[in-house]
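Undergrad: Next input, structure requested:
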Amino acid sequence: ITQNPQDAVAIKNLGNVYLGMGDNKSAIIEYTKAVAVKAEPNFFNNRCLAWNNEKEYEKALRDCDEALAINPDHTSALINRGNTFRLKGEYDKAIEDYGRSLKVTPAGDAYNPPMAYYNRALVYQAQKKFDLAISDIAKVIELQPNNADAYSLRAEIYQVQGNLTHARDDYRKALRLRRK
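TA: Model prediction:
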């Protein structure tokens, strides 16, 4: 990076490395440098992740809003803003962002729809809207049949509902998938 400090993508990638290492403060510094070079929605979106990890939710929301001002259909920014709202307990706003992300997701995107459904299921679980949560988890499993987290989440809900046979089956499936 010292050879080409204007390479915003390389700076952002360094931020990604720090984020992956759990060093959110260093990631934020690098994403801020990248944004200063070029205001790309992905740079704001990635910094949002680091702010969320630091529980700096207002800063995370500002970054998602910046990303969405540049690209209103930025699926990841919608999901991450939804996550921020979920973490703040603003469930209706979270549901709205997850739903909007599902509407604007480009064809062939195999990553974002399951993420939106899964996170919306977490909101429904928190709201004790278990049937809606189970419906969204079923969509995750349809799209990603080997998603152990989806089976675990559904098992938790079944257990709370007293449907212990289904809970047992889903926990077993999650364990089998994690052992692969």
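Undergrad: Residue 44 versus residue 77, what's the distance?
TA: In this view, residue 77 and residue 44 are 7 Å apart by Cβ to Cβ, to the nearest Å. Quick note: C-beta positions are derived from backbone N, CA and C, even for glycine.
Undergrad: Residues that sit against both of the two, list them.
TA: 64, 67 (Cβ atoms under 8 Å, 6 or more residues apart in numbering).
Undergrad: next one: stretch 38-56 to chain centre, how far?
TA: 12 Å (Cα atoms, centre = their mean, to the nearest Å).
Undergrad: Can you mark which positions in it are buried?
TA: By neighbour count on 16 or more other Cβ atoms under 10 Å, the buried set for stretch 38-56 is 40-53, 56.
Undergrad: How many neighbouring residues does residue 127 have?
TA: The local packing of residue 127 (other Cβ atoms under 10 Å) involves 13 other residues.
Undergrad: Next up, the contacts around the closest residue to it other than its chain neighbours.
TA: Leaving aside its sequence neighbours, residue 127 sits nearest to residue 91 (Cβ to Cβ, 6 or more residues apart in numbering; 5.8 Å). Contacts for residue 91 (Cβ under 8 Å, 6+ apart) come out as 85, 123, 126-127.
Undergrad: can you check residue 121 too?
TA: With contacts defined as Cβ under 8 Å, 6+ apart, the neighbours of residue 121 are 132-134, 136-137, 140, 153.
Undergrad: and which of the residues you listed is nearest residue 24?
TA: residue 153 (25.1 Å; Cβ to Cβ).
Undergrad: Which strand or helix spans the closest one?
TA: Following DSSP states H and E, one finds residue 153 within helix 148-161.
Undergrad: all helices for the protein, in order.
TA: Secondary structure of the chain (DSSP state H): helices at 8-21, 24-37, 41-53, 57-70, 75-88, 91-104, 112-126, 130-143, 148-161, 164-179.
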